[in-house]
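> okay, sequence plus prediction incoming.
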Amino acid sequence: MKRLQLRYNLLHILYWMASGCVCGYIAVFLQYRGMSNTEIGIVTGGACVVSIFLSPFVSSLINKIKGLTIKMILTIIFIALVVIFMVLALFELPTVFIMVLYMMLWSMLISTVPFLSMIAMNYIQSGETLNFGFARGLGSVSYAVSAMMLGRLIEYLNPTVLAYVFFIAIILALVVLYWLPDCKVQVQSAKKEGNILGIIKKYKVFFFLLLGFSCTFAASTTLSTYLVNIVRKLGGSTSLYGVAVFFMAASEMPVMTITPRLIRKFDSVTLIMVASFCYILRNFTICLAPNLPILFIGMLMQSMSYGLMTAVITYYVTYNLESHDQMMGQTMIGIMSSGLGSMIGNIFGGVLQDTFGIQSMLFFACTITVIGVIITFITGFYSKKLARNS
């Protein structure tokens with residue numbers, strides 16, 4: 001039991017270290033390649049659009065291709081990611097090629113996230129004791145520590161060092177992946193696997209909770225992608241940007257770790273509403289920060305917003321969706337957050353900055369946060385009303 005938890009922890013640690021290389025420093029890497037904020041927004045937004053279609057397609061392959069396992073899919077995608085990132089780092093390419101390749105890199109990486117969640121949920125359903133929140137929290141700490149170290153490495157070298165760190169982390173993640181006991185999605189013979197439209201019609205509360213999350217995530221994505229610009233606006237440097245990312249990611253672990261206990265004491269919808277409200281505290285503090293210390297305080301609120309939301313919504317799928325719908329349910333979390341939410345946040349954030357200045361981007365982040373919280377609270381109270389009447 002402890003060995004399984006240890007191995008799964010290591011998988012998250014290495015995966016999110018690699019993820020930090022791609023997502024945490026995207027603005028720094030692409031600015032180094034001479035791209036504007038608008039172009040960066042197009043890259044990240046375009047990647048999110050691709051992921052909306054790519055994620056469900058990749059997830060559905062498990063049930064469509066006989067003998068295909070999660071390990072096989074992740075191996076193929078991880079190797080492709082390494083090749084793409086190394087090409088971006090080693091060769092001077094035209095801007096349009098850089099944009100297309102980074103879109104592929106980002107969208108393919110996003111499409112792998114549901115598989116990490118599903119590995120844990122499959123173990124839990126088979127009777128194994130596994131704390132997903134703890135492993136995901138360690139992943140956040142790994143993301144945080146690597147972000148801070150990468151910030152210093154970039155200052156001493158240049159942003160292409162990200163590709164080499166990514167290569168090492170992904171290869172080690174593959175080793176750990178095959179160290180895990182075999183685990184594959186259980187195919188339901190009697191019932192057909194759910195599709196996106198079917199999931200939306202069948203689980204309306206789940207969809208609208210995700211819609212609210214999508215809006216708050218869009219705001220936080222805007223602030224995260226262009227955080228380096230906010231740090232510079234307040235007088236910081238790239239290394240201080242790394243420190244800011246560290247504060248943001250490291251704060252997630254405590255809440256993620258205790259999520260299983262919280263779910264036993266409170267219903268998941270209540271916890272999702274709490275996390276949604278905390279997004280207001282987080283995003284408004286970051287947007288209105290007059291100096292770096294206040295900005296770091298806003299970063300620390302990542303724990304009760306994104307940290308709580310991500311862990312709870314993952315468990316929500318396991319306990320509220322039928323087994324044959326769970327793989328697509330986990331995929332929808334990624335589609336609505338990293339897909340739709342990131343697309344809105346990145347495109348609007350980049351265009352608004354280049355057209356009207358950074359203050360317009362911050363105003364946009366505050367506005368869409370409020371919209372997301374309103375959607376979540378209306379859905380939450382409606383869900384509770386249904387529960388009382390049933």
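Done, it's in.

> look up how far residue 16 lies from residue 174.
Distance, residue 174 to residue 16, by CB to CB, to the nearest Å: 15 Å. In this view, the C-beta of every residue, glycine as well, is placed from N, C-alpha and C.

> cool, residue 100 as well?
Computed as CB to CB, the residue 100 to residue 16 distance reads 25 Å.

> for those two, indicate the residue with more neighbours.
Taking neighbours as other CB atoms under 10 Å, residue 100 and residue 16 compare with residue 16 leading, 27 against 16.

> distance of the more buried one from residue 114?
According to CB to CB, residue 16 and residue 114 sit 15 Å apart.

> same question for residue 85.
Residue 85 is 21 Å from residue 114, by CB to CB.

> swap in residue 130?
Noted for residue 130: a distance of 17 Å to residue 114, by CB to CB.

> neighbour-wise, which of those two wins?
Neighbours per residue (other CB under 10 Å) separate residue 130 from residue 114, with residue 114 holding more: 28 against 20.

> in what helix or strand does the more buried one lie?
Per DSSP states H and E: residue 114 is located in helix 113-125.

> so what's the gap between that helix and the chain middle?
In terms of CA atoms, centre = their mean, to the nearest Å, the centre of helix 113-125 is set 15 Å apart from its chain centre.

> touching that helix from outside, list them.
Helix 113-125 is contacted by residues 4, 8, 11-12, 15, 55, 59, 70, 73-74, 130, 132, 135, 180, 183-186, 314, 317-318, 323, 326-327, 330-331, 333-334, 338 when judged by CB atoms under 8 Å, 6 or more residues apart in numbering.

> helices or strands up against the worst-scoring helix or strand of the chain on mean pLDDT?
Within the chain, no helix or strand scores below helix 238-250, which has a mean of 72 by mean pLDDT, DSSP states H and E. Secondary-structure packing of helix 238-250 (3 or more CB pairs under 8 Å, 6 or more residues apart in numbering; DSSP states H and E): helix 132-156, helix 227-233, helix 292-300.

> of these, which is nearest residue 206?
Closest approach to residue 206 among the helices and strands packed on helix 238-250 is made by helix 132-156 (18.0 Å; CB to CB).

> relative orientation of the closest one and helix 238-250 in degrees?
Using axes from the mean of the first three to the mean of the last three CA atoms, to 10 degrees, the direction of helix 132-156 lies 180 degrees away from that of helix 238-250.

> could you list the buried residues of helix 132-156?
Applying a neighbour-count criterion of 16 or more other CB atoms under 10 Å, one finds 132-148, 150-151, 153-154 buried in helix 132-156.

> this completes my enquiry, with thanks.
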